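Colleague: take this sequence and fold it.
(one chain, ligands or ions: 2)
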Amino acid sequence: MRVLGIETSCDETSAAVLSGTGDDVSLESLVILSQDVHRIFGGVVPEIASRAHLTAIVPVVERAIADAGGSPIDAIAVTNAPGLVGALLVGVSYAKALAFARKIPAIGVHHMEGHLFATALEHGNAVPPFTALLVSGGHTLLLDVEAWGRYRVLGRTRDDAAGEAFDKVAKLLGLPYPGGPHVERLANVSECGPLRFSRPMLRRDQTPTDPDFYDVSFSGLKTAALNAVKNAGPDLDSQRGAIARAFQDALIDTLVEKTARAVRQYRRSRVVLGGGVACNATLASAMRERLAPRGVEIFAPSARLATDNAAMIARAGLFHLERGERSPLDLNAFATQVIPGLVAA
Ligand code: KG4
Ligand code: ZN
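Modeller: Numbering: from 1, shown residues only. Ligands and ions are numbered 1, 2, ... in the order given. The predicted model follows:
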């Protein structure tokens, strides 16, 4: 089956063509147009994002189809939740119109389920069962994936998403948006000094039945960074690296510990990282350092597939299409929606 994927949930207009069956797929094309305009505002402006998607959607889809050799498409997979509703609606409306015109089926895909499939496009072994850590600008989710379509949500953020925390701390440090890569670069050239932030929601006495055993919270870390910036005062230039390092160390330590708990509890031998923060090489190497000695393999996608892209949507869509699922023509877009296929924790 040859599937066209469309992703417009936030600030990337993306289309991809993927063909194959089951886990044996090949990516024929992937076009990602990032909306750089939001850098001026230091964050995504929803109305501007929707309008930029409108301008880009036709050429991006046409380019993806052309790059794939122009062969006929059998079905269309489109992100319909969660995300910015106006942005999602551009992709959803376009996908439905194209499916109707070509007399082919369309399927709505949950954006976070897409992130779960992204790493498998590059690593043949990044398939269930595995522990998944999805860390993006809008979400932080720890899941146990026993099979495609069977997801157990173990933990999530109580406040800021991991990427959001990176972006906010970057802003406090006077770094450009999106801040994650800038904070990582700065942290990695800074020594681990005396400045240390306490690890959020991490205590020795937590047990698997505690609601915060797997959950994370990053807003306190943001406040700690703010206080450090205030304390530095006019000396911020010489302190910036130490603050970035203390922040990144605390955030990564927390994510690694929570992931290690899930791996232990569900006896998994694979960890799959996804979402924009999975671009953070320090996170992946800290995971490896902690879990490789226990025989656990860590899979992180390349930057192109870690951040928002339509290839992962086409891949998740293929899974649902192969199960005979189809979305009706009144498929709608939703700002929030639970990931499909949840099993009890
Ligand atoms: O998945 P994504 O492209 O978009 C959302 O669905 O949110 O993730 C974007 C997020 C941003 O917050 C960005 O700062 C973060 O991913 N990010 C990073 C790194 N590269 C991107 N965070 C930490 N370290 C990085 N190297
Ligand atoms: Zn995303």
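Colleague: look up how far residue 193 lies from the residue located most distally from the centre of the chain.
Modeller: Using CA atoms, centre = their mean, the residue of the chain lying farthest from its centre is residue 234. It sits 36.1 Å away. Residue 234 is 19 Å from residue 193, where distance means CB to CB, to the nearest Å. Placement of C-beta: from N, CA and C, glycine included.
Colleague: please apply the same query to residue 90.
Modeller: 47 Å.
Colleague: which of those two has more neighbours?
Modeller: Legend: neighbour count by other CB atoms under 10 Å for residue 90 and residue 193, higher for residue 90 (25 against 12).
Colleague: can you give me every residue that contacts the more buried one?
Modeller: 8, 50, 53, 54, 57 (CB atoms under 8 Å, 6 or more residues apart in numbering).
Colleague: pLDDT below threshold where in this protein?
Modeller: For the chain, applying pLDDT under 70 flags no range at all.
Colleague: nearest to ligand 2: which residue in the stretch 51-200 of the chain?
Modeller: Relative to ligand 2, the nearest point of the stretch 51-200 of the chain is residue 136 (4.2 Å; CB to the ion).
Colleague: next up, the contacts around that residue.
Modeller: Counting by CB under 8 Å, 6+ apart, the residues that residue 136 touches are 115, 161, 162, 163, 274, 275, 276, 277, 308.
Colleague: among those, which ones lie close to ligand 2?
Modeller: residue 308 (CB under 5 Å from the ion).
Colleague: hang on, the residue farthest from the centre of the chain in a strand?
Modeller: No - using DSSP: H, G, I helix; E, B strand; the rest coil, the assignment for residue 234 is helix, not a strand.
Colleague: kindly report the residues of this structure close to ligand 2.
Modeller: Checking the chain against ligand 2 by CB under 5 Å from the ion, the hits are 136, 308.
Colleague: give me the domain ranges for the chain.
Modeller: Annotated domains of the chain cover 2-116+306-322, 128-300 [automatic domain parsing].
Colleague: can I get those in a markdown table including distance to ligand 1?
Modeller: Converted to a markdown table, the domains of the chain look like this (distance: least, CB to the nearest ligand atom, whole Å):
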| stretch | distance to ligand 1 |
| --- | --- |
| domain 2-116+306-322 | 3 |
| domain 128-300 | 2 |
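Colleague: nearest to residue 345 among those domains would be which one?
Modeller: Residue 345 lies closest, by CB to CB, to one member of the domains of the chain: domain 128-300, at 5.2 Å.
Colleague: now the helices for the stretch 51-200 of the chain?
Modeller: 85-102, 111-118, 162-172, 180-188 (DSSP state H, counting those that start in this stretch).
Colleague: figure out which of those is closest to residue 256.
Modeller: Comparison of the helices of the stretch 51-200 of the chain against residue 256 by CB to CB identifies helix 162-172 as nearest, at 12.0 Å.
Colleague: which elements pack onto that closest one?
Modeller: Packing partners of helix 162-172 (3 or more CB pairs under 8 Å, 6 or more residues apart in numbering; DSSP states H and E): helix 180-188, helix 219-232, helix 236-266.
Colleague: just put those helices in JSON lines and tack on mean neighbour count.
Modeller: Output for those, formatted as JSON lines (neighbours: other CB atoms under 10 Å):
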{"stretch": "helix 180-188", "mean neighbour count": "20"}
{"stretch": "helix 219-232", "mean neighbour count": "17"}
{"stretch": "helix 236-266", "mean neighbour count": "20"}
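Colleague: got the contact list for the residue nearest the centre of the chain?
Modeller: Most central in the chain under CA atoms, centre = their mean is residue 275, positioned 2.0 Å from the mean C-alpha point. Residues near residue 275 by CB under 8 Å, 6+ apart: 115, 134, 135, 136, 137, 139, 162, 163, 306, 307.
Colleague: one more time with 7 Å
Modeller: Neighbour list for residue 275: 115, 134, 135, 136, 139, 163, 306 [criterion: CB atoms under 7 Å, 6 or more residues apart in numbering].
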